[in-house]
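In: what would the 3D arrangement of this be:
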Amino acid sequence: MTPARPAPVLQKLALNMGSVVIGRVVSVAVGFLSIALLTRHLGPEGYGEYRIVLTLTGIGAIFADLGLQLVILREIADPERHDGRILGAGLTLRLVTTALVMLIVALATRFLPYAEPVLLGVLVAAPYYVLYQCCQMLQGVFEKHLRQGRQMLAETAGGLTMLACVWLAMLLDAGVVAMVAGLLAGGVVQFALVWLFAARLEPMRPIIDLDRWRRLLRAGLPIAGSKIALMAILRGDILILSVLGTATAVGLYGVPSKMFEILSHLASMFGGMLMPMLLAALASGDPRATGRTVAGALDAMLVFGAGVVICFAAFGAELLDLVAGDAFVEAHLALVLIGVAIAANAAAQIFRFLLLAMDRQRQIMRIDLIAFGIALVAYLILVPLFSYPGAALATALVETALAGLLAWRAFSSGRLARARPRILRILLCAGLTFLAMRFAADQGWHWFLAMSAGGLLYGTALLAAGAVPLALLRGRKGPPATDESGTEPG
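Out: Take a look at the predicted model:
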């Protein structure tokens, strides 16, 4: 009989996830507050230029990634592979490659037909992304030791620093470049704290090791191909909008797009924390154990994704007015479509990390390249036809396709038994909650009160329907795996 995963480890995962959720709530609040300050001060056009700056430099950062973050996470999570020096070599390689690529981006942007605030903003944002990529590399240390509360603390400190600098820039009536400088200041603070906390958990020092670099690059390049394809999906919408549309259109779409970035990051972090559990389940050789772990994780992401969709669908205009001001309310339809993309992305993350645990990077890359092709066609067709709502629709379609392809590949591996998910119960609870929220609003309730009451109703309904994966958090086995004839499509 296959031994179960020790309960203390799962309880530690639950406590760590709790600290991540608390930290992510604070981080989300900081993110939304930054949107509120930037959009109200810069307006749709200025905020559009700000988003173009981050898009151009963000694309460069993805090209410099080289798949190192996930490779390092897998290396240090596996005691047989981790020898104490791999982290220092990977960090040095990340620093060198990102600095070189960001220098190229800063120089190349001077030849593109963008306004002067965009060109200067790229110069300021380039060093921020060097620091950001190093922070992402060290994230694996916190995931390995289940100490992501420290990472959240550093992230929060950096965010608050950025907010303080943005507020000061507003008082001085500064423009886009000053706002990007505030982002850089926050990045410096975050990197300093991440380095300090990570060094206490995992002794490290930057080293130059060409042999290790070659090994890391061989393992990471397939992942890098996936990340570049995903970058085209995540950033391609704004890039194409900036070329075919206007800065104002980019600004209007930039708020829903930023919400996608903020909320989808939680799913990625959850997937990273699941990596030790996934590796252990796969090592046991029991497809049913792996199936139960994946089913519980997928249920958690579906609860999250469905909640986002119903909130955006019910009160999207009100949320945009609250977050960005009434000048951005017309992006309501785009926000609803982005909610669907967030839900699909959350489900996809579970299967992405499962395939990574199986050492299937090349298969992931092939799937991401297919999704890239779908995204390219969708953006080029829908953006010219419908502007930024078309970009949101394309993103929702591509994220949904990507989730389906990753799930198909995971189940076709033969190492994952189908366990019964709670999809229908989750969707039923979400649908009833949406109707209840809209009914309360129609009866004259303030939208925020109606949404808050809906959140309580959603949680209660999920618990009553048994749709919350409590076994995953309590360290107990999930429901027994079923054969394919008794499953719902996952």
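In: would you mind measuring from Ala295 to Leu266?
Out: 19 Å (C-beta to C-beta, to the nearest Å). (C-beta placed from N, C-alpha, C; glycine too.)
In: for Gly245, give me its contacts.
Out: For Gly245, the contact set (C-beta atoms under 8 Å, 6 or more residues apart in numbering) comprises Val383, Ser387, Tyr388.
In: list just the nearest of those to Leu402.
Out: For the contacts of Gly245, the closest approach to Leu402 (C-beta to C-beta) belongs to Val383, at 18.8 Å.
In: so what's the closest one up against?
Out: Val383 neighbours (C-beta under 8 Å, 6+ apart): Asp237, Ile240, Leu241, Leu244, Gly245, Gly390, Ala391, Ala394.
In: do Arg422 as well
Out: Arg422 makes contacts with Asp299, Leu302, Ala465, Gly466, Ala467, Pro469, as judged by C-beta under 8 Å, 6+ apart.
In: swap in 6 Å and give it another go.
Out: By C-beta atoms under 6 Å, 6 or more residues apart in numbering, Arg422 lies in contact with Asp299, Ala467.
In: tell me the pLDDT at it?
Out: We have a pLDDT of 81 for Arg422.
In: quickly note the distance from it to Leu432.
Out: According to C-beta to C-beta, Arg422 and Leu432 sit 15 Å apart.
In: now for the top helix by length along the chain, which elements pack on it?
Out: As assigned by DSSP state H, the longest helix anywhere in the chain is helix 7-65. Packing partners of helix 7-65 (3 or more C-beta pairs under 6 Å, 6 or more residues apart in numbering; DSSP states H and E): helix 86-108, helix 116-144, helix 148-171, helix 176-201, helix 210-244, helix 247-284, helix 287-324.
In: what mean pLDDT does the fourth one get?
Out: Looking at helix 176-201 alone, the average pLDDT works out to 90.
In: thinking again about what came up before, which one among the contacts of Gly245 gets closest to Asp321?
Out: Among the contacts of Gly245, and counting by C-beta to C-beta, the member closest to Asp321 is Tyr388, at 17.2 Å.
In: contact partners for that closest one?
Out: Counting by C-beta under 6 Å, 6+ apart, Tyr388 touches Ala249, Leu252, Tyr253, Ala334.
In: identify the residue spatially nearest to it, adjacent ones excluded.
Out: Tyr253 (3.4 Å; C-beta to C-beta, 6 or more residues apart in numbering).
In: so which bits of stretch 441-455 are buried?
Out: The neighbour-count check on stretch 441-455 (16 or more other C-beta atoms under 10 Å) flags Ala441, Trp445, Trp447, Ala450, Met451, Gly454 as buried.
In: now do stretch 364-375
Out: Within stretch 364-375, the residues that qualify as buried are Ile364, Met365, Arg366, Ile367, Asp368, Ala371, Phe372, Ile374, Ala375, counting by 16+ other C-beta under 10 Å.
In: likewise stretch 195-210?
Out: Residues Trp195, Phe197, Ala198, Glu202, Met204, Asp209 are the ones in stretch 195-210 that count as buried (16+ other C-beta under 10 Å).
In: that one spans what distance, first to last residue?
Out: The straight-line separation of the ends of stretch 195-210 (C-alpha to C-alpha, to the nearest Å) is 23 Å.
In: which other residues reach that stretch?
Out: Residues contacting stretch 195-210 (C-beta under 6 Å, 6+ apart): Leu87, Gly88, Ala89, Leu91, Thr92, Leu138, Val141, His145, Arg150.
In: local confidence estimate at the closest residue to the fifth one other than its chain neighbours?
Out: Computed as C-beta to C-beta, 6+ apart, the closest residue to Thr92 that is not its neighbour in sequence is Pro206, at 4.3 Å. Looking at Pro206, its pLDDT is 73.
In: helix, strand or coil for Pro206?
Out: Following DSSP: H, G, I helix; E, B strand; the rest coil, Pro206 is assigned to coil.
In: who's in contact with Ala126?
Out: Applying C-beta under 6 Å, 6+ apart to Ala126 gives the contacts Thr57, Met102, Ala106.
In: and the helix or strand that Ala436 is a member of, what does it pack against?
Out: Using DSSP states H and E, Ala436 falls within helix 423-442. When contacts are defined as 3+ C-beta pairs under 6 Å, 6+ apart, helix 423-442 sits against helix 287-324, helix 447-464.
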